[in-house]
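Chemist: coords please:
(chains A and B)
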Amino acid sequence: MATIKLNRLFRPFGFLLFLLLTLLWQSCDGLLDVDNGKGINRLDALETPENLEALLVNSYSRLQSVNLYGRNLFVFGDALADNGVATNNSGRIVPEARNQVGAHFNHWANSYAAINELNLIIEAVPKVVAVPAVSQTRRRRWEGEAKFLRALYYFDLVKAYAYIPEVTVPELDRGGIPLILEGIGPNDFEKANQRQVGRSSVANVYAQVTLDLRSAIELLDDSRGNHLASQSAAKALLSRVALYNRDWQTAKEMANEVFSEGKGRFLTGNEYREGWMLSIHPESIFDLKINNPNESIGQNESLQSSYTTMRSLEFREQTAGWGDFVPHNNFILMMGIQTTGVGATLNIQERGDDVRSFQYDIGPGRLVNRSGRRIECIKFIGKNGFDFGDNVPIIRKSEMLLNRMEASFQLGEEESALEDLNTLKSARGLDPVELSGAELLEEILLERRKELAFEGHRFFDLKRYGRDIIKSQGDVPFSDFRILAPIPDLEIRLNQNLQQNAGY
Amino acid sequence: MNRFFILFVIFLHAYAFLQAQVKENEAPVIPSRTEVWSFEKEFPDLLKENQIRLNSGSLAASYEPNVKKKGFRIKDKGSENASQNPSEKPYKKSKDNFIWPDTISDEKEKIEVLQEDIVSGELDWSGNLNLHVNIKTGAFSVVEGNEIFNMPVQSMDKAIQGRAAGVHVLSSNGIPGGSAQVLIRGMSSILASNQPLYIVDGVQLNTDQKAAFTQTNPLAFLNINDIASIEVLKDAGAAAIYGMQGANGVILITTKKGQAGKTQIQFNAFGGSIEPIKTLHVMDPQTWYNTRKLAWQNSGNPSPEANALNNMGILPQGWQNLSPEQLDAVAAGLTNYDWQNQLIGNGNLQQYELSISGGDNKNTYRIAGSFGSQGSTFDPVDFQRGTLNMAFATQATNKLRIENFLNLSTIRQEIPFAVSGSFLGSPAFIASTVLPHNPIFNEDGSYNTDIKGVFNQNVAMVNAFNSGFQRGNSAIGNLAASYQINKNLVFKSMFGLDYRMLQGEQFRDPRTPDGQTTKGRLSIQSGWNANFISTQTLHWYKQIKDAHFLSILAGVEYRSENTSDLSGLLTGFPAFEIRSVEGASQVESLDGASFSYRRAGVFGAIQYDFKKKYFVQLTGRYEGNSRFAAEQRFGFFPSISGAWSIKEEGFLKNSESISTLRLRGSYGQLGNDRIGNFTSQGAFMPGGTYGGNVGLSSGILANNALRWETVTSLNAGFDFGIFSNKLFGGIDLFERTTSDLILEQQLLPSNGSGTVLINDGELVNRGIEFTLGTAIFSSKKFHWEATFNYATLQNEVTKLIGDQQNLANNPAIAVGQSLGTHFTQEYAGVNPATGRAMWFDAQGNITYLPTANDRVYLGNSLPRHYGGLMNTFKYKGFEVGILFNYEYGRVVSDGQYNFLRENASRLTINGLQTVNRRMWQEPGQITDIPRPYIGGREVRSVNMNSGSASLLNADFIRLRQLSFAYVFNEDWIKRKLCVASLRLFAQGVNLWTYTSFPGYDPEFTGSGIGIIPQMKNYSIGIQVGF
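Modeler: Numbering: from 1, shown residues only, chains lettered A, B, ... in the order given. The predicted model follows:
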């Protein structure tokens, strides 16, 4: 009986079901709508303060990449120059230390991606609305941070991919880099597809960087942590930029302002030695924070691993990193370190007076029988409570003193240059000198080399004086095309308006 | 709609339950007019047979109504009795109206009768989804369940390797339960997936491989012994009704169902051993030392002996005072330790199954449970699985039939440190590359942790101390009802679910280098996926007189999929024994995301045939997918196909020699929408973190004009059978043109390096595939049949973005070239005078410093020719099956081999003896291995493995499966053992491979570094029926 009843029920039921589903299908406009669980659309994204700040966070975060301050801007800045040798422990840094063709800085794409995001931020700052209303102070801070970061990215690009103003090899010089100040958001496909920006002149790029920094100095103050953009950081960076730009007056002015009152503390004597053992270097004016193991580059390519095999300052005999790039013997001697033996028998006999020599110590090496022990740079050994994580002091107070003395010298003020030089020397435990003219400049540059070694300056300090790189792996004259980094293949292939650097 | 669905499901379940209760009290009364419906269930094979007869199959053997065969297979009359598949039982039952042939022979009239009644309900309305109404004029292959029965592989994709023409299956590696690449008629897409659509009993599967710590094949949820048949739909005629999902072909899997009749209980078990196919002949310490010494000499080093010993970590103290000879003596005294022998061993495999099936004219059921485990040559890699497969069907009323199938499974896989990649703890990477003078154990039996060389971890210890697993649970099933509205109209409703849960843990022991720095490191993964499908169809059909048959099908389909993933990394464990999440002191990272998509479509098919001579079929599907912008979601995918059975023409009708002759053709369009769920939409994505905050990053740009890829498929086929189909076969010629190719357009790096998906590109696959089968010898006692299949394919990219000649981010993909082509500098061998490796520059001159401009297109990683050969011998109760599969024309780079090819020159790792013997040693020597030079590259040169130097020929012929079986005489065992059937068997998989490949194995996908290689196995088993 049940069967029959249900049978009757089902006869119209089947039809109805089909009809209903067909109708549902046709009537439901939203049938295929799904929540985009992943991102938010641009229009929403840059409308709220939170969105904008999150985009800003990303611009800092990009600085942590291997190709920027996570490693290359520091390690390659020395490896391409003459301070050290590659150990071939992991095979990394060997090509750079040998200046092999193509082994060079490669932060182009990442930097322009950051610049694009910063452009979007700068465009959005006046448009952001919120309840309660966004304060003018906050807007000024956003704009200031974005401009500081944009200047930093552009400066790091132009110094690597183009010649320093007025110090060029004319037959190889193809100008500056693309200067792009307009952002491309998720809905700007058409614009992105059509825009092919060629090189600006080196001078124009420096002008824009200077403009951004001047603006950042106006907009920012020093009220926040060293890991964020600040007025001091903008001034300090402008001092560096001006030094490269041979705008000695600005370089000196800015260095002077920051050195005398800005962020960071100039350390002397033993305090200096201990400064490098702290998580945040007291000399830092702008310090890239590596907050947690997730932000660390890790065992293979971090600054710590690249420079030393030591696990930590506490466990100096435990092997952790690769120690791929270590100081050259000449550099070790220059720091006043006397050694005996090699490998297992390597021993530091004497350190001399220079307090900076404590940043170089014997690591455990990669080979179990200790044959791979070398003197390694331990400036960036992890001090944040986990391995391979250390804050990166991008601009330190000492650099301001160095900038100031160099700028003073170039302005013909040898006396104050010498005074600054001796201030630094005595702070590092060295005897004062009495020099002038070319000798004084050489001494200034030597102190600069020793003070900022393994912090990515050496290559550019040679470059801005047009000097040849003299190294045991093979000299690289300033006239060699390898002084400039190759622009990524993809850019060259797609950008009709951009010519590759000579030689590549 | 969801509410409606739930109500409906509850209703159907309640009804089925009610029916089951009623059943016992009621005598089954079957009104004669509706008999068709119960027959269909009772004799699904017959219906299938009939269906094939009706619509004409793609291949010769499948058309003839009076010969029992399908697809490419001929089964002789006797062989049915030996079938181990319950659903393949012979038709011995008789009904009032018809005499059912127990071996189908010349029952022409009866078939005709069948046609009028049963045929009308002919479409495979049973548990399987019925969309393959359309396959008869299209190109398809069939693999029957009994062909792959008991093959010790974990997923059906690997089981059909070599068995279906034009279907290229390549295992990614040797992980039991690991992935395989399946390409039906080549690669039709660059960016979207090339994976076919898999459908089990109407449920479209989600086949994303999501296991984080090993590979878990998404098809491994199903025990292949529960498969009744696999149909591979290859052209538009067969697959266009699947619309936007059909471009890569469709694989329809039908599971076994119960049948009316005596309850059958079957027990099946097998077990065996797994062995490595090959271990590599690596250098001994002395050879390594001498080669390294030579490398230092060649590099101009004044103390090569000391340096070589130093590289081996055994430079004695005071070496400065030792002579070169004394230093040589240090190396000469070294012992060789066989790390491969330690790490590569034998494994076990076993499987047990019990199935019960039966039923009466109204209700049928089949329940099968299985447990199996398969080890591997690398401890602890394994695969364990339990499955429960259930199928129920009830003829609820004269007109209503309800069916249900459900497959539950749980899979667990133990994991090594890594299953691929150049990790120092990766067993398959290190086994052959660790320096051979390193003892594995200390004298006291503890692990030696003083491992010399760049791979300085004791990989045996690392894998013994670390632990982890991958687990996957799934529930896949459907509930279907078909309702005979009237004689010519059927409504069918199907709801299906593919539900998966995935979990994994990987622990880095603090006693090992990777866990030491963080006091242990635990990675965890969880994933959920619910994939829901609903298909509603109406089918009208009519046989008009004897001449015309018309069938019209219309349906709607809706599919939704929701996925969530969660993964985390935890550190800081108090002791190595504590390995659970609660024991961690720090969460290093925790990630998760959700994705979903929706798909909806209407489809229809019209089939017409005239006197079984001329067949025409039209299909169309209008379908949309949420992955595209609202205005671009919907597309229409039509196909037309036809067949002409020449055999039915008067002049051939009575031909004795020609038993089948037919032409087929199809033309249509299919779509490929298998891109990311949100990739067409521009968005700011979660970016990096800084100072305790998470950033947003730009980079994905919206393209509101993005559409699916369209594959225009053209197929021409020809089927024949000669001498009562003693020789039969089919040839298909095809051309598949993909237009609107989805490509990732790179923005200029200076514009922010974003990417955007666009439709701009075209590629073509042209090919021929054929199957040739023959019953070479067939008598009552001895039977030998062989089937050979072959496919050749040419792939050509004909257009890329704008007028670009190659893709900016992958110049190997270029107009005029095939996908898979290598784009690199051509190796010119070794300079016989100096021993330096040489390459050709763009002008064809020798260079030592090839640049990017010197790259040329050479060699292809896709095979040009591939297929298989099956042989079956039967003599009395003995059966022998031999399956070969082969590939020709595949050129690959094997990352593992590349490390081994460095010949002790670059890293302090071991290399191959075979490479070492070939290295250049004296002027005039002609070879391909340069003299060793520290760093692996000479001054002003590039790495010795650069360019095509490391490309390898990966052709092979493989004895995929060899099986012996003895089937006991049924009467005899019934008398003696009181069991219904008994079969004993032994088999081997991958027993023999013909190849010149120098690495572990030519069958792999990806970079090949540190992958678990293919293995061979032997097993014996028993099948008992009660």
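Chemist: show me where the stretch 901-1026 of chain B has strands.
Modeler: Secondary structure of the stretch 901-1026 of chain B by DSSP state E, counting those that start in this stretch: the strands cover B:951-953, B:956-967, B:981-994, B:1015-1025.
Chemist: just so I know, which of those lies nearest chain A?
Modeler: In terms of CB to the nearest CB, the element of the strands of the stretch 901-1026 of chain B nearest to chain A is strand B:951-953, at 22.0 Å. C-beta here means a position set from N, CA and C on the backbone, and glycine is covered the same way.
Chemist: does A:Lys191 sit in a helix or strand, and which one?
Modeler: helix A:189-194 (DSSP states H and E).
Chemist: what would the strands of the stretch 901-1026 of chain B look like in TSV with mean pLDDT and mean neighbour count?
Modeler: Below are the strands of the stretch 901-1026 of chain B laid out as TSV (pLDDT from 0 to 100; neighbours: other CB atoms under 10 Å in any protein chain shown):
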stretch	mean pLDDT	mean neighbour count
strand B:951-953	95	19
strand B:956-967	95	20
strand B:981-994	95	18
strand B:1015-1025	95	20
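Chemist: Now tabulate those in JSON lines and tack on distance to chain A.
Modeler: What follows is these, written out as JSON lines (distance: least, CB to the nearest CB, whole Å):
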{"stretch": "strand B:951-953", "distance to chain A": "22"}
{"stretch": "strand B:956-967", "distance to chain A": "33"}
{"stretch": "strand B:981-994", "distance to chain A": "34"}
{"stretch": "strand B:1015-1025", "distance to chain A": "32"}
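Chemist: Redo these as TSV? Include distance to A:Val85.
Modeler: Shown next, in TSV, are those (distance: least, CB to CB, whole Å):
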stretch	distance to A:Val85
strand B:951-953	34
strand B:956-967	46
strand B:981-994	47
strand B:1015-1025	45
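Chemist: looking at those, which is closest to B:Arg662?
Modeler: Distance to B:Arg662, taken as CB to CB, is lowest for strand B:956-967 among the strands of the stretch 901-1026 of chain B, at 30.4 Å.
Chemist: Residues touching that closest one, excluding its own?
Modeler: Residues outside strand B:956-967 that contact it (CB atoms under 8 Å, 6 or more residues apart in numbering or on different chains): B:82, B:150-151, B:161-162, B:868, B:877-887, B:981-995, B:997, B:1002-1003.
Chemist: what's the angle between that strand and strand B:981-994?
Modeler: 160 degrees (axes from the mean of the first three to the mean of the last three CA atoms, to 10 degrees).
Chemist: Quick check: closest non-adjacent residue to A:Gly321.
Modeler: A:Ser305 (3.2 Å; CB to CB, 6 or more residues apart in numbering or on different chains).
Chemist: now do B:Phe873
Modeler: B:Val880 is the one closest to B:Phe873 (CB to CB, 6+ apart), at 4.2 Å.
Chemist: again with A:Glu350
Modeler: Distances taken as CB to CB, 6+ apart place A:Gln338 nearest to A:Glu350, at 4.1 Å, with adjacent residues excluded.
Chemist: I'd say that neighbour and A:Ser357 touch.
Modeler: No - counting by CB atoms under 8 Å, A:Gln338 stays clear of A:Ser357, with 10.0 Å between them.
Chemist: Could you list the buried residues of stretch B:902-917?
Modeler: B:902-912, B:915-916 (16 or more other CB atoms under 10 Å in any protein chain shown).
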